[in-house]
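Enquirer: Sequence below, structure please.
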Amino acid sequence: MSENRTPPGFTREQALATAREIGRGTFLERIELEWLEVGLDRLVARIPVAGNTQPYGILHGGATAALCETVGSFGTSIHVGLDRRPVGVQLSMNHLRAVREGHVTATGVPLHVGRTIALWEMRVEDDEGRLVAVGTLTLVIRDAVPG
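Expert: Modelled structure (predicted):
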């Protein structure tokens, strides 16, 4: 696998610290999202299954979707600049395997990041490396609203 390029103006450590800081006090803390890698070519984050389950004791599909949307959204942000606002407009998820324990890890790669639209693909795996879900996210890129 090729080396994951670092966003301009960031070291690897600064990129991870920025991702972690942006999520403070948000939904991302509730699902216990943990950033593992942040770069221009791929982002990797994970969530625990515990606390993110449906009543049947398996990982909730909405938690998996939130993980994927977060990876694609923040990935777009580091491409276009943190002063711009990517907004997800279409998330498509295919849930392939139930997970009852451990963590699920999403690896997101950009398929296209343009001036006004971005497309990402996320693969979600369990702790044994088995494919759990695949998602694609389309985002529109907007200028930040002053204020």
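Enquirer: quick one: contacts of the helix or strand bottoming out on mean pLDDT in the chain?
Expert: Lowest on mean pLDDT, DSSP states H and E among the helices and strands of the chain sits helix 12-22, with a mean of 86. Contact with helix 12-22 is made by Thr6, Pro7, Phe10, Trp35, Glu37, Val38, Gly39, Leu43, Ala45, Phe74, Ile78, Leu82, as judged by C-beta atoms under 8 Å, 6 or more residues apart in numbering. Yep, even glycine has a C-beta here, placed from its N, CA and C like the rest.
Enquirer: Quick check: buried residues in it?
Expert: Across helix 12-22, burial judged by 16 or more other C-beta atoms under 10 Å covers Ala15, Leu16, Thr18, Ala19.
Enquirer: And stretch 36-52, by the same measure?
Expert: By 16+ other C-beta under 10 Å, the buried positions in stretch 36-52 come out as 37-40, 42-49, 52.
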